[in-house]
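In: Predicted model follows, preceded by the sequence.
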Amino acid sequence: MVGTNEELSEEQIERFVGLFLQSVKDGTWKSQGWPEIWTDYAVSKLALNAYTMVLAKRYEGEGISVNSYCPGFTQTSMTQGQGSHTADEAAGVGARLLLLHPQQLPTAKFYIGLDPFVKSNL
Ligand SMILES: NC(=O)c1ccc[n+]([C@@H]2O[C@H](COP(=O)([O-])OP(=O)(O)OC[C@H]3O[C@@H](n4cnc5c(N)ncnc54)[C@H](OP(=O)(O)O)[C@@H]3O)[C@@H](O)[C@H]2O)c1
């Protein structure tokens, strides 16, 4: 993995993603044990969640919450219009999160789903 929460840094995330990109260029990603399903997507989401943790830690105690959010299967270009709900509905959840009172909005969490959305620690 990238490292423990305390050690995590932007440089480590960049190095980790760089290793993946290099292994793709070399054609060695399979033998090196990267995820076999949704490989690039999984690596990009790992980097996103790790970066969320870096930012959450950086702004801890400054009244800035940093979280990441997955809307679930949404009708967009990426899914060629398929999905269980519209992009507007998914964006509505993001807006609801943004409008929460600061004391109700924790930091370094991963939110998933629509109604109700649930959260877990990153
Ligand atoms: N749709 C789902 O079911 C679903 C589920 C879970 C998570 N997500 C996540 O939600 C996010 C948005 O997905 P989406 O479904 O809305 O996808 P989308 O309809 O394909 O939209 C992707 C957007 O990202 C922009 N983009 C792509 N590469 C970029 C780059 N290098 N720099 C700046 N902008 C870039 C695109 O801009 P252009 O239009 O100009 O190319 C487009 O506006 C993604 O991270 C996706 O993994 C989606």
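Out: Good, I have the coordinates.

In: switch to C-alpha atoms for all contacts and neighbour counts from now on
Out: Will do.

In: who's in contact with the one helix or strand A50 maps to?
Out: Using DSSP states H and E, A50 sits within helix 39-58. Helix 39-58 is contacted by residues 2, 5, 8-10, 13, 17, 20, 35, 64-68, 107-108, 110, 122 when judged by C-alpha atoms under 8 Å, 6 or more residues apart in numbering.

In: 10 Å instead, please
Out: 1-3, 5-10, 12-14, 16-17, 20-21, 24, 29-30, 34-36, 62, 64-69, 106-110, 121-122 (C-alpha atoms under 10 Å, 6 or more residues apart in numbering).

In: of all the residues in this protein, which ones are close to the ligand?
Out: When proximity is defined as C-alpha under 6 Å from any ligand atom, the chain approaches the ligand at 70-79.

In: Who are the packing partners of the strand or helix carrying E14?
Out: According to DSSP H and E, E14 maps onto helix 10-26. Secondary-structure packing of helix 10-26 (3 or more C-alpha pairs under 10 Å, 6 or more residues apart in numbering; DSSP states H and E): helix 39-58.

In: after the helix it packs on comes which helix or strand?
Out: Sequence order places strand 68-70 as the next helix or strand after helix 39-58, per DSSP H and E.
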